[in-house]
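Novice: All I have is the shape, not the residue letters:
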């Protein structure tokens, strides 16, 4: 999916192509979420393949779930995925997570509500919002399923304007790439014949 996303700006097309590849591998069904962040415009565009919704906490503390939903990857031959968008500003926090964070006590609605409440409590300046979110929700209890959290914070541009934002994005790209690769490796089944 990462290779497809390098040349394709439409998250729904990335998911459609990833679905084709998964079907060729005769792999199991997996969920995924794919997005594009336009730093210049402050817009996040997401397509969702059966994954928990993305949640954005805005600078004023309001929280919104978003991400057009579609079927999990590998479930249908020719699925269509919608794309939803949200406008973010400095102080916003995008949060993506696996279902282990939501349903650790087997109550999906209560789990989503806990995430929303926890995001409202986390300081916008928290050095590690993902860890703060995990600690706020689990409160020291071990998770009953695997949990992965990815947060993306949006800060004020520096005095150098858009050039500084672009260079920060360039430095972040390898880190985000490694994080996404790790999420994919944990989500996808091993290749046939792999030991």
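Specialist: Cool, the structure landed. Computed from a prediction, not measured in an experiment: that's the story for all the values here.

Novice: show me where the chain has helices.
Specialist: Using DSSP state H, the helices of the chain run over 2-7, 11-24, 99-102, 108-121, 129-138, 162-187.

Novice: low-confidence ranges in the chain?
Specialist: 1-7, 104-106, 157-195 (pLDDT under 70).

Novice: Quick test: name the residue nearest the centre of it.
Specialist: residue 96 (3.3 Å; CA atoms, centre = their mean).

Novice: With adjacent residues omitted, what lies nearest to that one?
Specialist: residue 150 (4.5 Å; CB to CB, 6 or more residues apart in numbering). Where you see a C-beta, it was placed from the backbone N, CA and C, and this is true even at glycine.

Novice: can you count the residues close to the one you found?
Specialist: Applying other CB atoms under 10 Å, we find 18 residues neighbouring residue 150.

Novice: Could you check how far the closest residue to residue 100 other than its chain neighbours is from residue 114?
Specialist: Of all residues beyond its chain neighbours, the one nearest residue 100 is residue 145 (3.5 Å), with distances taken as CB to CB, 6+ apart. Plainly put, residue 145 is 15 Å away from residue 114 if you go by CB to CB, to the nearest Å.

Novice: More neighbours: which of those two?
Specialist: residue 114 (19 against 12).

Novice: Return the distance of that one relative to residue 73.
Specialist: Distance from residue 114 to residue 73, by CB to CB: 27 Å.

Novice: can you check residue 59 too?
Specialist: 33 Å.

Novice: Show the contacting residues for residue 56.
Specialist: Neighbouring residues of residue 56 by CB atoms under 8 Å, 6 or more residues apart in numbering: 44, 63, 64, 66, 86, 88, 92, 93, 94, 95.

Novice: Verify the stated contact: the residue nearest to residue 96 with residue 130.
Specialist: Yes - assessed by CB atoms under 8 Å, residue 150 is found in contact with residue 130 at 6.8 Å.

Novice: between the two, what contacts are shared?
Specialist: Residues touching both residue 150 and residue 130 (CB under 8 Å, 6+ apart): residue 95.

Novice: contacting residues around residue 19?
Specialist: By CB under 8 Å, 6+ apart, the contact set of residue 19 is 49, 73, 74, 76, 79.

Novice: can you rerun that using 7 Å?
Specialist: 73, 74, 79 (CB atoms under 7 Å, 6 or more residues apart in numbering).

Novice: Identify, from those residues, the entry nearest to residue 137.
Specialist: Ranked by distance to residue 137 (CB to CB), those are led by residue 73 at 26.4 Å.
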